[in-house]
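[1] Kindly generate the corresponding structure for this input.
(one chain, ligands or ions: 2)
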Amino acid sequence: MDQGIHIEGLSKRYGAGDTAVDALKEVNMSIAPGEVVGLVGPSGSGKTTLLKCLGAVIEPTRGRMTLGGEVIYDHAEGGWKTKDLRALRRDRIGFIFQAPYLIPFLDVTDNVALLPMLAGRANAASRARAQELLQALDVAHRAKAQPSELSGGEQQRVSIARALANQPPVILADEPTAPLDSQRALAVMRILNQMASQYQTAIIVVTHDEKIIPIFKRIYHIRDGRTVEEAGEGRQIS
Ligand code: ADP
Ligand code: MG
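    Ligands and ions are numbered 1, 2, ... in the order given. As a prediction, the model looks like this:
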């Protein structure tokens, strides 16, 4: 089975009858391990719906999804194939949001170490791994700080470290650079690209951000629930 993310014929209908909305219409996407792709489309085009299906937050209406070598959903075979969807979300998928959503009463290290601890990993090993990631993201000097003491850019880097903590095969990022200035946005993209190649993570970045769109080597455009694939510029980040 192929690693990475594979989506075949994915459809999502909200509601039924006259008021039904077809938010996704037979979407096909493939993201290889180590690849970072953009998902770009206007408001209401289905981006969040797609991430929610992939994140097992909502159930698709049709199609098939594979994450990290495992079929997680196959409508033709009865729907969800993964029994424990919470464990799937906790261990196999990293989420990065527009806002960092750090836990205010935990220091930076424990914000990053929390998910591995919840997944049953020893506290010391979880914190050691957190240190390593904070180092890679250039925020190790803030390891003992509280989230409220960090700048916006630092908080976002900590939230990326947290998304990587369980070494998920997949990262789903919804507008991760929207609140950042140009330099910080490019820095976040550089980190995501590095992390993808270092840990062989497959990453989808939903974005409208003109500053980062030239960075992608491959972009899926989405409009009215349908995707079209396009080669990106794949510009180097200086
Ligand atoms: P985007 O993230 O690209 O802005 P969404 O995935 O949020 O788009 O929405 C896609 C379409 O599905 C829109 O027409 C939206 O109104 C509709 N939609 C989203 N969530 C729901 C819901 N829970 N119930 C009904 N319709 C929804
Ligand atoms: Mg959205």
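
[2] mind listing what the closest residue to ligand 2 within the chain touches?
    Nearest residue of the chain to ligand 2: Thr48, at 3.2 Å (C-beta to the ion). C-betas here are computed from N, CA, C, even on glycine. Contacts of Thr48 were listed using C-beta atoms under 8 Å, 6 or more residues apart in numbering, and they are 174, 206.

[3] Use 58 as the first number for this chain going forward.
    Will do, 58 is the new start, and the previous item becomes Thr105.

[4] Just the pLDDT for it.
    Looking at Thr105, its pLDDT reads 93.

[5] how far away is it from ligand 1?
    3 Å (C-beta to the nearest ligand atom, to the nearest Å).

[6] same deal with Gly91?
    Counting by C-beta to the nearest ligand atom - Gly91 and ligand 1 are separated by 26 Å.

[7] unless I'm mixing things up, that residue is touching Asn250, no?
    No. Using C-beta atoms under 8 Å, Gly91 is not in contact with Asn250; the gap is 9.4 Å.

[8] Low-confidence regions, this structure specifically.
    Low-confidence segments of the chain (pLDDT under 70): 58.

[9] Which positions in it make contact with ligand 2?
    Residues of the chain lying close to ligand 2 by C-beta under 5 Å from the ion are 104-105.

[10] Would you map the helices across the chain?
    Assigned by DSSP state H, the chain shows helices spanning 104-111, 142-148, 165-175, 180-193, 209-221, 239-256.

[11] ok now the fifth one, how far from the chain's centre?
    It stands for helix 209-221. 13 Å (C-alpha atoms, centre = their mean, to the nearest Å).

[12] Against which helices or strands is it packed?
    strand 150-153, helix 165-175, helix 180-193, strand 227-231, helix 239-256 (3 or more C-beta pairs under 8 Å, 6 or more residues apart in numbering; DSSP states H and E).

[13] ok, the shortest one: who's next to it in the sheet?
    According to DSSP bridges, the neighbouring strands of strand 150-153, each with its direction, are strand 227-231 (parallel).

[14] Please list the residues outside the strand it pairs with that contact it.
    Contact with strand 227-231 is made by 61-62, 104-105, 108, 111-112, 124-125, 149-155, 220-221, 249, 252-253, 258-263, as judged by C-beta under 8 Å, 6+ apart.

[15] Quick one, which of the residues you listed are buried?
    Using 16 or more other C-beta atoms under 10 Å as the burial test, these include 61-62, 104-105, 108, 111-112, 124-125, 149-154, 220-221, 249, 252-253, 258-263 as buried.

[16] if I look at Asp131, how far off is Lys138?
    Distance, Asp131 to Lys138, by C-beta to C-beta, to the nearest Å: 6 Å.

[17] I misspoke; the intended subject was Leu207.
    With distances taken as C-beta to C-beta, Leu207 is found 39 Å from Lys138.
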